[in-house]
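*Asks:* Need the 3D shape of this:
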Amino acid sequence: MKTECPVCGAEVELAADAVQGELLECPECGTELEVISVNPPVVQEAPQEEEDWGQ
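*Replies:* Down below sits the predicted model:
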């Protein structure tokens, strides 16, 4: 399965067993991507995790 990086437009290959919510890295720009859908294959830039300071 192939899709396009939403940041740089590069082709991104999804593994045959990819699942929704899986994180991967764009091979061109290195952006962390999240699989939104596998049929059709769609990815978006993964949300940045924020520090949890326990407050």
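
*Asks:* Tell me which residues of stretch 40-49 come out buried.
*Replies:* Neighbour-count burial for stretch 40-49 flags 41-43, 46 (criterion: 16 or more other CB atoms under 10 Å). From N, CA and C alone the C-beta is placed, and that goes for glycine too.

*Asks:* taking these one by one, which sit in helices?
*Replies:* Among the buried residues of stretch 40-49, no residue falls in helices (DSSP state H).

*Asks:* Among the residues you listed, which one lies nearest to residue 7?
*Replies:* The shortest approach to residue 7 among the buried residues of stretch 40-49 belongs to residue 43, at 9.8 Å (CB to CB).

*Asks:* what bridges to the closest one?
*Replies:* Residues in a beta bridge with residue 43, per DSSP bridges, are residue 35.

*Asks:* what's near enough to touch it?
*Replies:* By CB atoms under 8 Å, 6 or more residues apart in numbering, the residues touching residue 43 are 3, 5-6, 12, 14, 24, 33-36.

*Asks:* Spatially central residue for the chain, please.
*Replies:* Residue closest to the mean C-alpha point of the chain, counted by CA atoms, centre = their mean, is residue 33 at 2.1 Å.

*Asks:* Run through the residues that contact residue 28.
*Replies:* 5, 8, 10.

*Asks:* Test my guess that the second one contacts residue 29.
*Replies:* In other words, residue 8. Yes. Residue 8 is within contact range of residue 29, at 4.1 Å (criterion: CB atoms under 8 Å).
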